[in-house]
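**Q** Need a 3D model of the following:
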Amino acid sequence: MVNDSSFRSLTRHDDYYLPGGDLFFLVQHHVFRIHRYFFERESSYFKGKLATPASPGATRQGTSETNAIVLDDVQVHEFARFLWVFYNPKYSLYHTTVADWTAILTLAHRWSFPEVKALAIRELEKQPMPDIDRVVVYQDNEVDRNLLIPRYAALCERDEPITPAEGRRMGIETALTIAQLREVSRRPPIDCRSPAPANFHGLELFSLVRELFGVAVPPEDDTVPETPLGGPVIPSFASSSTND
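**A** I've put the predicted structure just below:
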């Protein structure tokens, strides 16, 4: 709950303080007023949180500015971009930056919004992104590892080895596995007297990546995915909202 002195210093968000909203959030002294419906429908985390009854004599959390749900470890612009997914005025057109989609993915994963997470992944797959960055983001947010097979393979095939800084970002296990991949994929045939570069390519390399990373081939498909994750496309949420 927000105390009186803190309440006086709050700012209503310019875009997402909606007159018809029935759910209040507080992010870095900014109050958001939105529609409870989206959070109850799309998120198992918030569905449970919002269903928790208030203690006797207390007001249910999130029903007013003074009782707003406080979101920690979230920036104002990140939460606003997350809400944009639901209130996008351009209906099915979701065009924004890699940084925005990364923030949306992170929050969707943290708060258990599976369809929003799937949307963010599909959009990130459409945009150019350094392999190291994509590996880090996808690993941090537990994205389907099948989408990482081509990225691991690309890091294996590049001329430069993984740097210490890159290894720290990806994690020691991933860095060591890629180092092993690079060694195995460049190993010359037993009957070859001189070393030969990159003896594994294409699907053969992908199979090696799967083996060393322990990623099974999806039952419905025996090829490495080159397109975003499947799943239902998230419809426009803008048409469902109301501004009273």
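
**Q** pLDDT score assigned to the residue positioned nearest the centre of the chain?
**A** The residue lying closest to the centre of the chain (C-alpha atoms, centre = their mean) is residue 105, at 2.1 Å. Reported pLDDT at residue 105 in the predicted model: 99.

**Q** Could you do residue 198 as well?
**A** For residue 198, the model assigns a pLDDT of 47.

**Q** Equivalent analysis for the one 3 residues further on, please.
**A** With respect to pLDDT, residue 201 scores 70.

**Q** what about it, how many residues close to it?
**A** Around residue 201 there are 11 other residues, counting by other C-beta atoms under 10 Å. The way it works is simple: take the backbone N, C-alpha and C, and place the C-beta from them, glycine included.

**Q** sorry, back to before: what sits against the residue nearest to the centre of the chain?
**A** Taking C-beta atoms under 8 Å, 6 or more residues apart in numbering, we find residue 105 in contact with 117, 120-121, 124, 137, 141, 143.

**Q** Run the chain-centre distance for stretch 132-152.
**A** 10 Å (C-alpha atoms, centre = their mean, to the nearest Å).

**Q** Got the domain ranges for this protein?
**A** If you go by automatic domain parsing, the domain ranges for the chain are 4-121, 129-213.

**Q** what ranges do the strands span in the protein?
**A** Applying DSSP state E to the chain gives strands spanning 11-17, 23-27, 30-34, 69-70.

**Q** do you know which of those strands lies nearest residue 79?
**A** Closest of those to residue 79 is strand 23-27, at 4.9 Å (criterion: C-beta to C-beta).

**Q** I'd like the average pLDDT over that closest one.
**A** The pLDDT scores in strand 23-27 average 98.

**Q** Narrow the contacts of residue 105 to those in helices?
**A** 117, 120-121, 124, 137 (DSSP state H).

**Q** Of those residues, just the buried ones, PyMOL syntax please.
**A** Restricted to buried positions by 16 or more other C-beta atoms under 10 Å, the PyMOL selection for those reads:
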select buried, resi 117+120+121+124+137
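
**Q** and which of the ones in helices among the contacts of residue 105 is nearest to residue 41?
**A** residue 117 (14.7 Å).

**Q** Please, where are all the helices along this structure?
**A** Counting by DSSP H, the chain has helices at residues 4-7, 36-42, 44-51, 76-87, 98-110, 114-125, 131-140, 149-157, 164-170, 172-185, 202-213.

**Q** how about low-confidence regions in the protein?
**A** Applying pLDDT under 70 to the chain picks out residues 1-8, 54, 57, 188-200, 221-244.

**Q** change it to 90
**A** 1-9, 49, 51-61, 89-94, 183-209, 217-244 (pLDDT under 90).

**Q** give the contact list for residue 165.
**A** Listed by C-beta under 8 Å, 6+ apart, the contact set of residue 165 is empty.

**Q** Number of residues surrounding residue 100?
**A** 20.

**Q** How about it: what's its closest non-neighbour residue?
**A** Excluding the flanking residues, the one nearest residue 100 by C-beta to C-beta, 6 or more residues apart in numbering is residue 81, at 4.8 Å.

**Q** pretty sure the one you found contacts residue 97?
**A** No. Taking contacts as C-beta atoms under 8 Å, residue 81 lies outside contact range of residue 97: 9.2 Å.
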